[in-house]
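# What would the 3D arrangement of this be:
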Amino acid sequence: MNELALMNNEWAQMLFRFLFNLFFIGILIKIINHHSKEISRHISTFFIISVIVFFLCFTLKQVDLNFGMALGLFAIFGIIRYRTEAVLPEEITYLFVTIGLSVINALTIGGFGWLTLIIINVAVCLSVLFAEKYLLHADDIYTRNKIIVNLPLDEKNMCDNVNNAINNITKEHNISVQNHNIFKIDYESKIIQVHLFYNKNTE
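Now for the predicted structure:
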């Protein structure tokens, strides 16, 4: 009877912690999706990874597993999805945030208490909101005034092709390109993707 009561208590605790984790992960996802349209394509990835990491941590809590091995498992989750394409630093950062928050919510026990856990989650959410609103996108050029250009890959004349494309776009759209970077080189499709950041000419 005691074992049954203990099992029911563990199930209740797992469900409550899971819903608690989903609530704050949901807030994080809403913040990221609202302020970072570039990262919105990975929102489902953040959600799924946070769910599986939470249950993995909650399960490992019942097993005598080396802590370093557990951290190694979480690191694997962090790199599997992103080995096939170039990604923004913000995407990796937010992946780490969702994984870290799920680990905290699944494993925090003992003297911490629910109040401390709530404070930690709220602090993380507010930090992400502050970073998104005032730090990561402080310059409007990098959030709104951007053009993505796909050019044929020509390694010998890459710089010339990029410069010619910039000049043509500058004249065509009457803009002033402030900066550009080569975001991705796809050797299989023979495509080079260039991101142009610009100001609109007022003349």
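# buried residues in the helix or strand containing residue 118?
Assigned by DSSP states H and E, residue 118 belongs to helix 113-130. Neighbour-count burial for helix 113-130 flags 117, 120, 121, 124, 125, 128, 129 (criterion: 16 or more other CB atoms under 10 Å). Backbone N, C-alpha and C define where each C-beta goes, glycine included.
# helices or strands up against the longest helix along the chain?
In the chain, assigned by DSSP state H, the helix with the most residues is helix 2-35. Other helices and strands packing on helix 2-35, by 3 or more CB pairs under 8 Å, 6 or more residues apart in numbering; DSSP states H and E, are helix 43-60, helix 89-107, helix 113-130.
# Compare these and give me the one nearest residue 154.
Across the helices and strands packed on helix 2-35, residue 154 has its closest neighbour in helix 89-107 (28.3 Å, CB to CB).
# Local confidence estimate at residue 72?
Residue 72 is assigned 65 on the pLDDT scale.
# er, residue 20 I mean
92.
# tell me the domain boundaries of the protein?
What automatic domain parsing lists as the domains of the chain is 2-135, 140-200.
# Ranked by average pLDDT, which of these falls at the bottom?
Of all these, domain 2-135 has the smallest average pLDDT, which comes to a mean of 75.
# picking up where we left off before, so for residue 198, which of the helices and strands packed on helix 2-35 sits nearest?
helix 89-107 (20.8 Å).
# Tell me which other helices or strands the closest one touches.
helix 2-35, helix 43-60, helix 67-80, helix 113-130.
# Comparing these, which comes out most buried?
Mean neighbour count (mean count of other CB atoms under 10 Å) peaks for helix 43-60 among the helices and strands packed on helix 89-107, with a mean of 18.
# Check the secondary structure at residue 182 for me.
Classification of residue 182 by DSSP: H, G, I helix; E, B strand; the rest coil places it in strand.
# Give the phi and psi angles for the closest residue to it other than its chain neighbours, as a check.
Nearest non-adjacent residue to residue 182, counting by CB to CB, 6 or more residues apart in numbering: residue 194, 5.6 Å away. Here the main-chain torsion angles of residue 194 (degrees, to the nearest 10) amount to phi -120, psi 130.
# Could you tell me which residues make contact with residue 194?
148, 149, 150, 151, 162, 165, 180, 181, 182, 183 (CB atoms under 8 Å, 6 or more residues apart in numbering).
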